[in-house]
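J.: Give the three-dimensional model of this entry:
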Amino acid sequence: MVHQNRKLIPAHTVIENIILGHPKAGSIPDLRRTREDIAGICDRYGFKIDLKAKVWQLSEGEKQAVES
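T.: All right, here's what the predicted structure looks like:
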C-alpha cells in the first residue's frame, strides 16, 4: 500500500479547495459564478459531489477526484 499525502485542506469546502488550486488564486474570485461554472462542468461529466461539503466529510475516492 502506498499512502498519499493529499494537498487538500480538510476544513475547507470542495469549492474552496478547487479555487485554491486555480492559477489565479491570488485574485478574489466571484464565488457564485465560480460555483456555477464548476457545477456545470460536474454536470457535463457526470461527477456528483456537493461543492459545499467540507473535504473532511468526503470519501477517499471523492477526495482524489477533487484533487485531480
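
J.: Which secondary structure element comes immediately after the top helix by length along the chain toward the C-terminus?
T.: Assignment by DSSP state H gives helix 31-45 as the longest helix of the chain. Using DSSP states H and E, the helix or strand that follows helix 31-45 in sequence is helix 60-67.

J.: Can I get the longest helix of the chain as CSV, trimmed to CA atoms?
T.: Taking C-alpha atoms only, helix 31-45 is exported to CSV below (Å, rounded to 0.1, in the frame of the first residue of the first chain):
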residue,chain,number,x,y,z
LEU,A,31,-17.8,32.6,-5.6
ARG,A,32,-21.3,32.5,-7.0
ARG,A,33,-20.1,32.5,-10.6
THR,A,34,-17.2,30.1,-9.9
ARG,A,35,-19.6,27.7,-8.2
GLU,A,36,-22.0,27.8,-11.2
ASP,A,37,-19.1,27.2,-13.6
ILE,A,38,-17.8,24.2,-11.6
ALA,A,39,-21.3,22.8,-11.1
GLY,A,40,-21.7,23.0,-14.9
ILE,A,41,-18.5,21.1,-15.5
CYS,A,42,-19.5,18.5,-12.9
ASP,A,43,-22.9,18.0,-14.6
ARG,A,44,-21.3,17.8,-18.1
TYR,A,45,-19.1,14.9,-17.0
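
J.: mean confidence score for it?
T.: For helix 31-45, mean pLDDT rounds to 90.

J.: Mind giving me the packing neighbours of that helix?
T.: With contacts defined as 3 or more C-beta pairs under 8 Å, 6 or more residues apart in numbering; DSSP states H and E, the packing partners of helix 31-45 are helix 14-20. The C-beta positions use only the backbone N, C-alpha and C, and glycine is treated the same way.

J.: tell me which residues in the helix it packs on are buried?
T.: Neighbour counts over helix 14-20 (16 or more other C-beta atoms under 10 Å) mark 14-19 as buried.

J.: for stretch 49-57, same thing?
T.: The neighbour-count check on stretch 49-57 (16+ other C-beta under 10 Å) flags 49, 51, 55 as buried.
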